[in-house]
Every structure is written in C-alpha cells, then in structure tokens.
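Visitor: Following is a predicted model, sequence given first.
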Amino acid sequence: MPDTSTASAIPEVPTIEGCDVFVIGGGPAGSTIAALLAQQGRDVVLVEKEHHPRFHIGESLLPANVDLFRRLGVHDQVDAIGMKKWGIEFVSIEHAHRSYVEFADAWDKTMPSAWQVRRSELDELLFRNAATRGARTLEGCKVRDVQFDDSGAIVQAQLEDGSRRTWHARFVVDASGRDTFLGNKLKSKEKNPEHNSTALFGHFRKVRRLEGKREGNISICWFPHGWFWFIPLADGTTSVGAVCWPYYLKQREKPLKDFFFDTIAMCPELADRLKAAELVDDAVHATGNFSYNGTHCTGDRYLMLGDAFAFIDPMFSSGVYLAMHSAFDGADLVATALDRPAEHAKARREFEQMMRKGPREYSWFIYRATNPTIRDMFMHPNNFMRVKEALMSLLAGDIYGSTPMWGGLRRFKMLYYAISWANAKRTWRGWRRHKENIRDMGKLQGETIQNEG
Ligand SMILES: Cc1cc2nc3c(=O)[nH]c(=O)nc-3n(C[C@H](O)[C@H](O)[C@H](O)COP(=O)(O)OP(=O)(O)OC[C@H]3O[C@@H](n4cnc5c(N)ncnc54)[C@H](O)[C@@H]3O)c2cc1C
C-alpha cells in the first residue's frame with residue numbers, strides 16, 4: 001500500500017507552464033502582436049478575460065489601418081464586415097452649412113478610405129487570426145498577477161471556474177486596454193492634466209443617414225458641452241455618442257437614457273436625423289474620465305501597447321490604429337529583447353518615442369477641438385499652402401510613414417495662431433472655457449454606469 005501520510009503533508013505546487021511571450025488582453029493590440037510573434041515561430045500565449053464576440057466601443061477606423069490589416073492577412077475579412085468610410089462630416093450649431101472632407105484629399109492619395117466596424121466582430125476576427133497564426137489563445141481567463149524575475153516573469157491568471165493557471169514567460173506584453181494592468185501595478189499611469197472628458201452612447205436603428213458615397217462617413221457634431229460622433233455601421237445600425245465635459249455629466253439628475261436624449265436635442269441636426277430612430281436594446285452606456293498617459297511603456301521584460309499605455313479623446317478615431325501600430329513595432333521590440341539583447345536598450349528608447357508621438361500629434365488638435373478658431377478652420381477647410389492636405393493626412397492616420405506633410409501641419413498651426421491672435425478676445429474666452437471645461441470633478445456617476453437602460 002502506498003504511504004499517503006507524507007504526500008498529503010506536502011503543499012500543492014502549481015504547475016508552471018512555459019512560453020516565450022505572454023500577452024494580456026485580446027483586443028486589437030494584443031491580438032495583433034500575438035499573431036505577428038506566433039508567425040515568427042515563437043511560443044505565444046494570448047489571454048482575454050472575456051469571451052469573443054464581446055462588446056467594445058470605438059467603431060470608426062482610419063485609412064492608415066488598412067495596410068496593417070493587409071499585412072496581418074485579414075484585409076478581406078475586415079472589408080466583409082465593414083461600412084466603407086471615405087471622409088468626415090463636420091456639423092456645428094454655430095454654422096449654417098456642413099463641412100465635408102475626404103481622405104482622398106490627403107497629401108498621400110493612396111489611402112482614400114477606411115471602414116466603420118462593429119468592434120465585437122473586428123476584435124473577434126483579430127483574436128481568431130492570432131490563433132490561426134499559431135498563438136495559444138484562451139478566453140475567460142483574467143490575469144491577476146505578474147512578478148518579474150531575471151529570466152522573465154511569472155504570470156498568474158484566473159479562469160471562470162475560479163481555478164488558477166501559472167505561466168513562466170520570457171517576455172510579457174500588456175495589451176489590457178483601459179484596465180491598464182501593468183500601469184496600475186507599476187503606478188506608471190498619470191491622469192492627463194490637459195484634457196478630461198466622458199462619453200454617453202447608444203446604438204440606433206432607422207436613423208436618417210447621409211446619402212450616396214457619404215453614407216458611411218463619420219459625422220462629428222459640436223454641441224455646447226462637447227461633441228457627438230455619428231458612425232453608420234454596415235448592418236443599418238448607427239452608433240451615436242456624446243463626448244462631453246465631466247461637469248456636464250455630473251449635473252445629471254435624470255435616468256441616463258433621458259439625459260442622453262436631452263443631450264441629443266442640443267444638436268438640432270443630429271436630433272433631426274434621429275427623429276424616427278429606435279434605440280437598440282433600450283440601452284445607453286456611459287464611460288467616465290478618460291485621458292491618461294504612462295510615464296513609460298517598456299522594461300527589460302515587458303512592454304505596454306495601445307490603451308494599456310495611453311488614452312486620448314476619441315475625436316479623431318485614432319485609438320484602434322495607434323493600438324495596432326504599437327503592436328507592429330512592439331513585435332520588433334520583443335524580437336530584439338529575446339534575440340539581440342545588446343540592442344534592446346536603443347530599441348526601447350525608439351519605441352518609447354514612437355508611443356508618445358501618436359498621442360502628442362492628435363492631442364494638439366484635441367485640446368483645441370472646441371476652440372472657435374479650430375472649429376472655424378474645420379468648417380471652412382482651405383488648402384492654402386497645402387494645409388488641408390496635411391491635415392487630412394493626420395486625420396487619415398498617416399503619421400508614422402514618410403509622407404512629407406509635417407511642414408503643411410506647421411503652417412496649419414501658424415495659421416491657427418495668427419487667426420487666434422487676430423481674434424484675441426474670442427481666443428481668450430475660448431481658452432478660459434477650456435480650462436473650466438476640463439476641471440477635475442472627482443469620481444463621476446458615469447464611471448459606475450454601464451448598460452443602464
Ligand atoms: C467612448 C470611446 C469612443 C471611441 N471611439 C473610437 C473610434 O471611433 N475609433 C477608434 O479607433 N478608437 C476609438 N476609441 C478607442 C479604442 O476603443 C481603443 O483605443 C482601442 O480599443 C484600443 O485597443 P487595445 O487593444 O489597446 O485595448 P482594448 O480594445 O480595450 O482591448 C483590451 C482587452 O484586454 C482585456 N483585458 C483587460 N484586462 C485583462 C486582464 N487582466 N486579463 C485578461 N484580459 C484583460 C479586455 O477585456 C479587452 O478585451 C474609443 C474609445 C472610447 C472610450
């Protein structure tokens with residue numbers, strides 16, 4: 001008979017599984033880097049705490065993303081679920097006309113369109129693609145802890161039945177989005193002092209859309225407390241959201257749905273398009289304060305991608321592109337860390353710079369987006385000294401390539417300063433209003449509201 005007395009006295013040691021790279025989070029950033037690294041022949045584990053298809057907001061893509069889909073081998077799949085987006089419509093309650101701009105008018109004319117997508121579909125497609133390329137994928141698996149050591153990290157995750165799994169990874173990629181898993185652990189996440197906004201959104205059927213080629217365009221509609229997005233999806237549903245200043249959401253005394261409809265009524269053009277509309281599932285969502293940066297995004301054995309590092313206001317629909325672009329560059333950085341450690345320090349510095357560039361370039365516009373001068377310039381786009389072409393390149397996401405549009409963007413900014421100077425009183429009032437708008441309101445009701453009907 002075997003002696004069980006000693007066996008029961010020994011504490012259970014968790015099985016530690018091994019892998020080269022452990023990726024936390026199966027959104028666009030995580031699924032992209034997992035696919036690329038698995039394709040290089042590395043042993044990659046990609047875990048997602050939810051199950052695909054899962055809801056996510058952020059449905060408007062940029063033309064620069066198209067090439068990334070092509071390089072990932074999923075271009076045709078995205079095309080099949082997407083609504084073609086050729087440009088942007090700007091609507092302002094202070095202007096009688098509407099302004100239309102097209103990506104085909106950018107400096108580089110070879111990226112004229114993108115898509116609007118349901119994120120549940122896009123994110124599932126990217127996640128499954130990572131598995132097809134060889135990554136070991138796991139859903140319903142939430143990472144609880146990461147402890148770094150000289151040879152990598154021990155990662156602990158919890159499954160839905162409460163059981164735990166432990167891995168030893170040579171490298172960890174944090175792509176946990178706004179959960180900012182490593183940012184919280186390392187206390188490297190900082191609130192952006194220059195910007196502060198919140199969002200209310202819902203999906204509608206039977207909405208009046210733009211006609212013809214413009215049907216799939218995104219509309220940006222300013223209103224007194226922020227701006228709206230209007231994003232037409234391929235199945236006939238339209239996503240409508242208000243990005244508003246925290247003080248405005250704080251004033252809410254009504255159920256979220258009534259408050260959202262009151263907000264829509266402040267933008268007559270939008271209200272008119274939604275006159276006969278039905279709110280899908282009777283659901284309005286809210287999300288609280290959302291602008292932050294990380295102090296850094298790389299370490300000896302880790303890197304942070306996409307929203308896990310920084311989040312900026314979604315006015316220019318840059319989030320998915322910045323997340324996926326960071327994954328492409330991140331895959332090179334991981335390869336350097338694992339294969340050519342002597343070059344890692346230099347590669348880290350370059351990666352850190354790249355990660356700051358995107359948020360920085362868009363933020364200049366975001367901080368001024370409700371300023372009357374910028375609004376006038378967007379409502380009367382003018383290609384004087386190629387400034388419109390340069391602006392359209394930025395709006396297309398063409399910021400990491402070799403397109404020589406930076407001089408044009410500088411001229412755009414100089415024009416902005418000249419017009420602001422010439423309208424000094426209005427500029428001063430706009431600046432004061434911006435400071436008031438972004439004041440810290442503490443924790444918002446909106447941060448706790450999800451799926452309130
Ligand atoms: C209101 C709003 C509107 C937006 N509109 C747009 C838009 O129109 N266009 C655009 O491009 N972007 C938009 N964005 C931004 C865009 O959604 C994000 O930038 C993008 O999703 C970032 O991708 P990501 O892969 O970094 O993170 P995510 O897409 O958030 O993916 C992170 C994943 O990690 C998982 N996860 C988190 N923690 C763990 C854990 N501990 N263990 C396992 N898994 C975990 C999450 O479940 C999630 O699936 C918007 C954002 C907001 C808030």
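Guide: Yep, it's here.
Visitor: Spell out which parts of this structure neighbour the ligand.
Guide: For the chain, the contact set with the ligand under CB under 6 Å from any ligand atom comprises 24-30, 47-50, 56-61, 142-143, 175-179, 181, 199, 241, 287, 290, 305-308, 314, 317-321, 323. (C-beta placed from N, C-alpha, C; glycine too.)
Visitor: Narrow those to those that are buried.
Guide: 24-30, 47-50, 56, 58-61, 142-143, 175-177, 179, 181, 199, 241, 287, 290, 305-308, 314, 317-321, 323 (16 or more other CB atoms under 10 Å).
Visitor: what's the burial count for the residue nearest to Leu61 when sequence neighbours are not counted?
Guide: Excluding its sequence neighbours, the residue lying closest to Leu61 (CB to CB, 6 or more residues apart in numbering) is Ala114, at 4.4 Å. Neighbour count of Ala114, defined by other CB atoms under 10 Å: 29.
Visitor: re earlier: narrow the buried ones among the residues of the chain next to the ligand to those in helices?
Guide: Members of these lying in helices (criterion: DSSP state H): Pro28, Ala29, Gly30, Phe181, Gly319, Val320, Tyr321, Ala323.
Visitor: for those, which one is nearest the ligand?
Guide: Gly319 (2.2 Å; CB to the nearest ligand atom).
Visitor: Touching, the closest one and His56? I think so.
Guide: No. The criterion here is CB atoms under 8 Å, and Gly319 misses it with His56 at 10.2 Å.
Visitor: what's Asp272 sitting at in phi/psi?
Guide: Main-chain dihedrals, Asp272, degrees, to the nearest 10: phi -70, psi -40.
Visitor: Against Val143, how distant is it?
Guide: Distance, Asp272 to Val143, by CB to CB, to the nearest Å: 46 Å.
Visitor: Now do the contacts for the closest residue to the ligand within the stretch 351-453 of the chain.
Guide: Closest contact between the stretch 351-453 of the chain and the ligand, by CB to the nearest ligand atom, is at Gly397 (9.0 Å). The contact partners of Gly397, taken as CB atoms under 8 Å, 6 or more residues apart in numbering, are Leu62, Pro63, Ala64, Asn65, Ser318, Tyr321.
Visitor: While we're on it, how confident is the model there?
Guide: On the pLDDT scale, Gly397 is placed at 98.
Visitor: Next: Pro246.
Guide: Pro246 is given a pLDDT of 84.
Visitor: Kindly report the same for Ala424.
Guide: pLDDT, Ala424: 91.
Visitor: Now intersect the buried ones among the residues of the chain next to the ligand with the strands, please.
Guide: Counting by DSSP state E, the part of these found in strands is Ile24, Val47, Glu48, Lys142, Val143, Ala199, Gly241, Thr287.
Visitor: list the helices and strands whichever strand or helix holds Asn129 packs on?
Guide: Using DSSP states H and E, Asn129 maps to helix 119-132. When contacts are defined as 3 or more CB pairs under 8 Å, 6 or more residues apart in numbering; DSSP states H and E, helix 119-132 sits against helix 28-39, strand 44-48, helix 75-81, strand 136-139.
Visitor: surely Met405 meets Leu394?
Guide: Yes. In this structure, Met405 is within contact of Leu394 by CB under 8 Å, at 7.4 Å.
Visitor: what residue lies at the spatial centre of this protein?
Guide: By CA atoms, centre = their mean, the chain has its centre lying nearest to Gly319, at 2.5 Å.
Visitor: Contacts only, for it.
Guide: Taking CB under 8 Å, 6+ apart as the test, what Gly319 contacts is Gly58, Gly306, Asp307, Phe311, Ile312.
Visitor: from what I can see the fourth one touches Ser291, true?
Guide: Yes. Here Phe311 reaches Ser291: they are 6.1 Å apart, a contact under CB under 8 Å.
Visitor: buried sites along the helix holding Asn129?
Guide: Arg119, Glu121, Leu122, Asp123, Glu124, Leu125, Leu126, Phe127, Arg128, Asn129, Ala130, Ala131.
Visitor: you'd agree the first one is up against Phe55?
Guide: To tie it back to what came earlier, the one meant is Arg119. Yes. In this structure Arg119 lies within contact range of Phe55 using CB under 8 Å: 7.3 Å.
Visitor: ok, back up a step: any chance of the contacts of Gly319 in TSV with pLDDT as columns?
Guide: Output for the contacts of Gly319, formatted as TSV (pLDDT from 0 to 100):
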residue	pLDDT
Gly58	97
Gly306	98
Asp307	97
Phe311	95
Ile312	93
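Visitor: for this structure, longest helix please?
Guide: Taking DSSP H as the criterion, the chain has its longest helix at helix 344-367.
Visitor: so after it, what's the next helix or strand?
Guide: Scanning forward in sequence from helix 344-367 by DSSP H and E, the next helix or strand is helix 372-379.
Visitor: Convert the C-alpha atoms of that following helix to PDB, please.
Guide: The C-alpha trace of helix 372-379 is given here as PDB (Å, rounded to 0.1, in the frame of the first residue of the first chain):
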ATOM      1  CA  PRO A 372     -13.800  78.700 -32.000                       C
ATOM      2  CA  THR A 373     -10.700  79.200 -34.200                       C
ATOM      3  CA  ILE A 374     -10.200  75.500 -34.800                       C
ATOM      4  CA  ARG A 375     -13.900  75.000 -35.400                       C
ATOM      5  CA  ASP A 376     -13.900  77.700 -38.000                       C
ATOM      6  CA  MET A 377     -10.900  76.200 -39.700                       C
ATOM      7  CA  PHE A 378     -12.600  72.800 -39.800                       C
ATOM      8  CA  MET A 379     -15.900  74.300 -41.000                       C
END
